[in-house]
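A.B. asks: Give me the fold of what follows.
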Amino acid sequence: MAGKLVIGNWKMNGRRVASETLVAAMLADPRINRPNVGMAPPAPYLALLAGWLEGSHVAVCAQDASRFAKDGAFTGDVSAAMLADIGCQYVLVGHSERRQYHGESNEVLRAKLANVLEAGLVPVLCVGETLTEREEGRHRDVIRHQLSVLEGVDPRRCVVAYEPVWAIGTGKVASLEQIAQMHADIKSWCLQIQKTDVTIRTLYGGSVKADNAEAILSIDDVDGALVGGASLEVESFAMICMAADKLV
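C.D. replies: This is a model prediction of the structure:
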């Protein structure tokens with residue numbers, strides 16, 4: 001694996017002028033403008049971002065893709081082929097907010113995953129448990145079920161991002177021990193699910209910030225970070241990217 005991957009997930013934030021200014025400042029910073037860094041803006045700004053990032057080292061990432069593969073009467077959907085057409089490289093699949101607010105099931109996520117792979121893009125499958133599931137001791141079963149959509153998928157063609165739901169945007173962060181254990185479990189389960197001896201790339205997400213990034217990224221089985229709010233601030237995102245680059 002060539003370096004630790006850092007993807008900034010902007011979620012539903014930003015406007016055109018502000019986003020262009022933010023990207024310009026980030027590209028001027030060599031800590032950010034380097035390989036293994038990506039940005040995932042809201043869908044209306046994806047094509048603009050592709051233009052702004054042209055000639056840089058930073059990858060264009062999408063926050064979602066349609067479960068429908070072919071063009072057709074699917075109002076509001078954006079296909080993986082369309083994302084590839086504008087220069088996307090990575091696509092988030094199954095983020096907890098998609099699961100929570102849009103009721104996305106494993107069946108839907110399998111279709112999305114297949115479409116992303118067919119389009120030649122890299123899916124980033126997001127998995128994570130709620131606070132109740134962890135407190136009830138069901139978190140390992142929940143994550144393993146979510147990972148089952150990877151059955152038969154070549155691990156060299158995808159990424160897993162572990163984001164405990166209770167740590168997303170809350171300021172809470174799983175302990176280093178919890179992160180290490182879950183990432184080790186994910187890699188072990190993926191070896192079984194995908195029936196291969198090739199290790200999958202795993203990212204950690206959930207209130208990753210400048211002041212905790214190095215400690216999290218230093219964990220052996222953590223291959224990068226999926227960053228939320230901190231990816232909207234130049235210095236914070238730069239510090240996270242620098243920590244990842246330092247640990248290569």
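
A.B. asks: Let me see the contact set for Thr202.
C.D. replies: Thr202 makes contact with 159-162, 183, 186-187, 221-224, according to Cβ atoms under 8 Å, 6 or more residues apart in numbering. C-beta: built from backbone N, CA, C; applies to glycine.

A.B. asks: who's it bridged to?
C.D. replies: The partner list for Thr202 in beta bridges (DSSP bridges) reads Val160.

A.B. asks: any idea how far it is from Trp52?
C.D. replies: In this structure, Thr202 and Trp52 are 29 Å apart, going by Cβ to Cβ, to the nearest Å.

A.B. asks: do Ala84 as well
C.D. replies: Look at Ala84 and Trp52: by Cβ to Cβ, they are 18 Å apart.

A.B. asks: between those two, which one's more packed in?
C.D. replies: Trp52 (21 against 18; other Cβ atoms under 10 Å).

A.B. asks: Against Ile200, how distant is the more buried one?
C.D. replies: Plainly put, Trp52 is 30 Å away from Ile200 if you go by Cβ to Cβ.

A.B. asks: now Glu135
C.D. replies: Counting by Cβ to Cβ - Glu135 and Ile200 are separated by 27 Å.

A.B. asks: So if I had to pick from these two, which one is more boxed in?
C.D. replies: A direct count of neighbours by other Cβ under 10 Å for Glu135 and Ile200 places Ile200 higher, at 25 against 11.

A.B. asks: pretty sure the more buried one is in contact with Arg157, am I right?
C.D. replies: No: Ile200 lies out of contact with Arg157 (Cβ atoms under 8 Å); the separation is 9.7 Å.

A.B. asks: that older thread, just checking, which of the contacts of Thr202 belong to strands?
C.D. replies: In strands, judged by DSSP state E, the following of those are found: 159-162, 224.

A.B. asks: quick check, nearest of these to Leu121?
C.D. replies: Among the ones in strands among the contacts of Thr202, Val159 lies closest to Leu121 (Cβ to Cβ), at 11.0 Å.

A.B. asks: can you count the residues close to that closest one?
C.D. replies: For Val159, the neighbour count with other Cβ under 10 Å is 23.

A.B. asks: Settle this for me: it is touching Leu121, isn't it.
C.D. replies: No: assessed by Cβ under 8 Å, Val159 is found out of contact with Leu121, at 11.0 Å.

A.B. asks: Now that we're looking at Gly169, what pLDDT does it have?
C.D. replies: Predicted confidence (pLDDT) for Gly169: 74.

A.B. asks: how many other residues sit next to it?
C.D. replies: Neighbour count for Gly169, taken as other Cβ under 10 Å: 12.

A.B. asks: So it is in contact with Gly228, correct?
C.D. replies: Yes: judged on Cβ under 8 Å, Gly169 makes contact with Gly228 at a distance of 6.0 Å.

A.B. asks: and for these two, which residues touch both?
C.D. replies: Contact criterion Cβ under 8 Å, 6+ apart; residues shared by Gly169 and Gly228: Ser207.

A.B. asks: Lowest-scoring secondary structure element of this structure by mean pLDDT?
C.D. replies: Least confident helix or strand of the chain, by mean pLDDT, DSSP states H and E, is helix 131-135 with a mean of 91.

A.B. asks: right, and the helix or strand after it?
C.D. replies: helix 139-147 (DSSP states H and E).

A.B. asks: which strands and helices sit next to that following helix?
C.D. replies: Applying 3 or more Cβ pairs under 8 Å, 6 or more residues apart in numbering; DSSP states H and E, we find helix 139-147 packed against strand 122-127, helix 176-193.
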